[in-house]
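*Asks:* My questions concern the predicted model and sequence given below.
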Amino acid sequence: MYTSLKTLHALTALVTIAGFLLRGYWMLTGNARLNAKLTRVLPHVIDTLFLVSGIALLVLLNGGPLTEAWMLAKIAGLVAYIVLGMLALRRGRTEAIRNTAFVAAIAVFAYTYGVALSKSPLSWLAVFAG
Ligand code: HEM
């Protein structure tokens with residue numbers, strides 16, 4: 001059970017960023033698919049699975065790492081990714097704001113992914129430092 005949830009969580013993490021990159025590409029190239037119904041609904045389904053599996057893991061661990069620095073960095077990273085993602089794909093008023101938010105969202109996600117793998121707020125620095 002724990003292992004399948006963790007696999008689901010890690011997989012949906014990759015699918016959410018892949019979908020975000022694709023939608024960002026569609027935004028930059030002015031592709032109408034960005035506003036298709038499926039494009040608007042599917043990311044919510046994936047992101048819900050992603051978040052719910054993360055919370056379920058915490059429940060199974062009885063809150064285990066909830067107060068650890070890397071877990072807090074991950075939660076903060078996810079919130080920042082969501083806010084920047086909304087700015088990038090919908091809310092950003094000018095093209096410059098949307099493009100900057102797009103790049104920042106990718107950077108924040110990359111940081112947070114490194115935090116998840118290393119279980120350290122140092123992220124990729126900790127991964128490569130061993
Ligand atoms: C952008 C945000 C996130 C990314 C990229 C991410 C990614 C991952 C990955 C790849 C793993 C597997 C790590 C491994 O194989 O050891 C993992 C584990 C886990 N994640 Fe996330 N996650 C994110 C956000 C969250 C959030 C918001 C929560 C909780 C609400 C959460 C809870 C957990 C838990 C409890 C584990 C298991 C840790 C363990 O086995 O000790 N994650 N995450």
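*Replies:* Perfect, I can see it now. Keep in mind it's a predicted model, so treat the numbers as computed, not measured.
*Asks:* Now do the SS call for I82.
*Replies:* Taking DSSP: H, G, I helix; E, B strand; the rest coil as the rule, one finds I82 in the helix state.
*Asks:* count of neighbours near the residue lying closest to it once chain neighbours are set aside?
*Replies:* Excluding its sequence neighbours, the residue lying closest to I82 (C-beta to C-beta, 6 or more residues apart in numbering) is D47, at 7.8 Å. In this view, the C-beta of every residue, glycine as well, is placed from N, C-alpha and C. For D47, the count of nearby residues is 19 (other C-beta atoms under 10 Å).
*Asks:* What of L66?
*Replies:* There are 11 residues near L66, going by other C-beta under 10 Å.
*Asks:* Would you check that my belief about it contacting I55 is correct?
*Replies:* No: between L66 and I55 there is no contact under C-beta atoms under 8 Å: 10.1 Å.
*Asks:* Thanks a lot, see you next time.
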